[in-house]
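Visitor: Curious how this folds, go ahead:
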Amino acid sequence: MVFILRNSLFTYLAIFSLLSNFCSCFNSKLLTLNVTKLQSDSDWSPAQVSWYGSPNGAGSDGGACGYGEAVGKPPFSSLITAAASSLFKSGRTCGACYQVKCTANTACSGKPVTVVITDECPGCDSEPVLFDLSGTSFGAMAISGHADQLRNAGRLQIQYRRVECNYPGVLLTFRVDTGSSAYYFAIVIEYVNGDGELAGVELKPLNSFSWLPMQKSWGAVWKINSQSPLKAPFSIKLTGDSGKTLVANHIIPAGWKPGQIYTSVVNF
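Guide: Model prediction:
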């Protein structure tokens, strides 16, 4: 009798242990899923958004970053934004990509739209964060066929988050400034994957054994002044906002000309 009771007690304890472990594992999985969902939702932050320019246009003609007519052409395709000075940071964020979405209006789709900072919005610092979208970008947040209705709202509360830039099938572009010479060289760098914005640019002429730092001129324009002639071809080193570096070897050829565009097969 004692043996039977001991066996029954052992069986009961074993079953209880299995049930406890099962419940513990089940709750742990639920907690993991909930935490993951919270982390995903927490990527978004609140902001104000307005729009400028023509309803289906690219805002201004070029903007404060110096991208010129490229803002209205692929891959930008007018999906661009101007930013308040607190976000524009004197041009440091030129090329940075953000997703914006709205739910505060019946015309909002709630779906994210990716835009690129290409311009500054002077006097837009009344809010902590404000995006002044192109008419095209603003309308892209709407339910299909309701873009004009959404634009009529004028200003909205939205959600935004920073994302990596991705320009599939598009080459990294170096556009030589029209004022460049053998003693002064300036470029606009477009379609930077990953960070989008650049923290540093360096030039290595053929007649130099070291990298020469370029200075931010304005917007997305980087320049270098030299006491002696800079001999091409030039290699260019880019440092992204996250610290990643990329070298485009001999990207600017001998015989380069101001206003010309040179493309690289490498990108972040």
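Visitor: Do me a favour and get the end-to-end distance for stretch 63-76?
Guide: Across stretch 63-76, the terminal residues are separated by 13 Å (Cα to Cα, to the nearest Å).
Visitor: did I read that right, residue 90 in a strand?
Guide: No. Counting by DSSP: H, G, I helix; E, B strand; the rest coil, residue 90 is not part of a strand but helix.
Visitor: mind checking pLDDT for it?
Guide: At residue 90, the pLDDT value in this model is 91.
Visitor: Start from the N-terminal end of the stretch 51-200 of the chain and give the helices.
Guide: Counting by DSSP state H, counting those that start in this stretch, the stretch 51-200 of the chain has helices at residues 85-88, 135-140, 147-151.
Visitor: So what sits opposite the most centrally placed residue in the chain in the bridge?
Guide: Nearest residue to the geometric centre of the chain (Cα atoms, centre = their mean): residue 97, 2.0 Å. Here residue 97 shows beta-bridge partners residue 116, residue 163, assigned using DSSP bridges.
Visitor: Three-state assignment for residue 210, please.
Guide: The three-state assignment at residue 210 reads coil, by three-state DSSP.
Visitor: and it, what is it in contact with?
Guide: Residues near residue 210 by Cβ atoms under 8 Å, 6 or more residues apart in numbering: residue 204. Using the backbone N, CA and C atoms, a C-beta is placed for each residue, glycine as well.
Visitor: Now stretch 194-213: average pLDDT?
Guide: The predicted model assigns stretch 194-213 a mean pLDDT of 95.
Visitor: Export that stretch to PDB, keeping only CA atoms.
Guide: What follows is stretch 194-213, C-alpha atoms only, in PDB (Å, rounded to 0.1, in the frame of the first residue of the first chain):
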ATOM      1  CA  GLY A 194      21.800  53.500 -46.300                       C
ATOM      2  CA  ASP A 195      22.200  56.600 -44.200                       C
ATOM      3  CA  GLY A 196      21.400  59.000 -47.000                       C
ATOM      4  CA  GLU A 197      23.100  61.900 -45.300                       C
ATOM      5  CA  LEU A 198      26.900  62.200 -45.200                       C
ATOM      6  CA  ALA A 199      29.000  63.100 -42.200                       C
ATOM      7  CA  GLY A 200      32.200  63.600 -44.200                       C
ATOM      8  CA  VAL A 201      33.700  63.600 -47.700                       C
ATOM      9  CA  GLU A 202      37.400  63.300 -48.600                       C
ATOM     10  CA  LEU A 203      39.300  63.700 -51.900                       C
ATOM     11  CA  LYS A 204      42.400  62.000 -53.100                       C
ATOM     12  CA  PRO A 205      44.000  63.600 -56.200                       C
ATOM     13  CA  LEU A 206      46.500  61.700 -58.300                       C
ATOM     14  CA  ASN A 207      49.300  63.900 -57.000                       C
ATOM     15  CA  SER A 208      48.500  63.300 -53.300                       C
ATOM     16  CA  PHE A 209      49.400  60.300 -51.000                       C
ATOM     17  CA  SER A 210      46.800  61.200 -48.400                       C
ATOM     18  CA  TRP A 211      43.100  61.900 -48.300                       C
ATOM     19  CA  LEU A 212      42.200  65.600 -48.200                       C
ATOM     20  CA  PRO A 213      39.100  66.600 -46.200                       C
END
